[in-house]
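J.: build the 3D model from these lines:
(2 chains)
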Amino acid sequence: SQQGEEDPQALSIQEGENATMNCSYKTSINNLQWYRQNSGRGLVHLILIRSNEREKHSGRLRVTLDTSKKSSSLLITASRAADTASYFCATDAGGTSYGKLTFGQGTILTVHP
Amino acid sequence: NAGVTQTPKFQVLKTGQSMTLQCAQDMNHNSMYWYRQDPGMGLRLIYYSASEGTTDKGEVPNGYNVSRLNKREFSLRLESAAPSQTSVYFCASSDWAWGGGNNEQFFGPGTRLTVL
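T.: Numbering: from 1, shown residues only, chains lettered A, B, ... in the order given. Just a heads-up that it's a prediction; the model follows:
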């Protein structure tokens, strides 16, 4: 079963606008990660936030985590056409999970020039 | 430094045929994973190997077998392919280990498999 559910399923914006994607999950986690997938390619790791962190930044990316609501959001600021891709959240339950990740279904982001 | 490589990139099989998907990583990672990606389903874990010499089932293991040949290589075998196994297959690796390590995963480019 899919641990993460992402919202929206698809997002279309203009260059320069901000894009926000949300992820909800069901069970407790050790960390949550975001990945990007360009069309026809493998996934690329973007950022990891641990369960004891509330916010993390990396360049134009800002991730928040609310463990009480079991949710996370990914904000991409000042978007570019090159940001067009699918974005996935993935959760790590920790403990005996052997580093396994459970992926959400993804948000398809289209940034129009 | 090639990262994670997968072969073949594309494959068409007939129902009942067998094949092996190859995966290799050059990052000295402990853990390796096989996923399948279907439209609207995200990635689902088929099998994983937490360390050399160990393998275990993931969420959707039926119809597949794996071999962790050595620390670098992790292969996925379809013994008797079925149309339901038409999918894109991704191999990934991470530095996860008991007591530490980073479980950020690095992905290969994928194998696009069609079973007729």
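J.: hang on, B:Tyr47 packs against B:Gly63?
T.: No. Applying CB atoms under 8 Å as the test, B:Tyr47 and B:Gly63 come out as separate, 11.2 Å apart. (Glycine included, C-beta is placed from N, CA and C.)
J.: who touches both of those two?
T.: When contacts are counted by CB atoms under 8 Å, 6 or more residues apart in numbering or on different chains, B:Tyr47 and B:Gly63 have no shared neighbour.
J.: in terms of neighbours, single out the busier of those two.
T.: A direct count of neighbours by other CB atoms under 10 Å in any protein chain shown for B:Tyr47 and B:Gly63 places B:Tyr47 higher, at 22 against 14.
J.: now do the contacts for the nearest residue to B:Lys14 once chain neighbours are set aside.
T.: Spatial nearest neighbour of B:Lys14, excluding adjacent residues (CB to CB, 6 or more residues apart in numbering or on different chains): B:Leu116 at 5.4 Å. Neighbouring residues of B:Leu116 by CB under 8 Å, 6+ apart: B:Val12, B:Leu13, B:Lys14, B:Thr15, B:Pro83.
J.: quick one: B:Leu116 and chain A, what's the gap?
T.: B:Leu116 is 21 Å from chain A, where distance means CB to the nearest CB, to the nearest Å.
J.: residues near the closest residue to B:Ser18 other than its chain neighbours, how many?
T.: Distances taken as CB to CB, 6+ apart place B:Glu79 nearest to B:Ser18, at 5.2 Å, with adjacent residues excluded. Using other CB under 10 Å, B:Glu79 is surrounded by 12 other residues.
J.: try A:Leu65
T.: The burial count for A:Leu65: 21, using other CB under 10 Å.
J.: got it, and B:Leu21?
T.: The number of residues packed near B:Leu21 is 23, by other CB under 10 Å.
J.: ok, then the element right after the helix or strand it falls within?
T.: For B:Leu21, the host element (DSSP states H and E) is strand B:19-25. As assigned by DSSP H and E, the chain's next helix or strand after strand B:19-25 is strand B:31-38.
J.: just the angle for that following strand relative to strand B:19-25, thanks.
T.: Interaxial angle, strand B:31-38 versus strand B:19-25 (axes from the mean of the first three to the mean of the last three CA atoms, to 10 degrees): 130 degrees.
J.: could you say what helices and strands strand B:31-38 packs with?
T.: The elements that strand B:31-38 packs onto, with contact taken as 3 or more CB pairs under 8 Å, 6 or more residues apart in numbering or on different chains; DSSP states H and E, are strand B:19-25, strand B:42-49, strand B:64-68, strand B:74-78, strand B:87-94.
J.: what does that strand contact?
T.: For strand B:31-38, the surrounding residues in contact (CB under 8 Å, 6+ apart) are A:98-100, A:103, B:21, B:23, B:25, B:43-51, B:58, B:60, B:64, B:66, B:68, B:74, B:76, B:85, B:87-97, B:101, B:103, B:105, B:110.
J.: quick one: terminal-to-terminal distance for stretch A:55-64?
T.: Stretch A:55-64 stretches 4 Å from its first residue to its last (CA to CA, to the nearest Å).
J.: ok, now stretch A:63-74?
T.: In stretch A:63-74, first residue to last residue: 5 Å (CA to CA).
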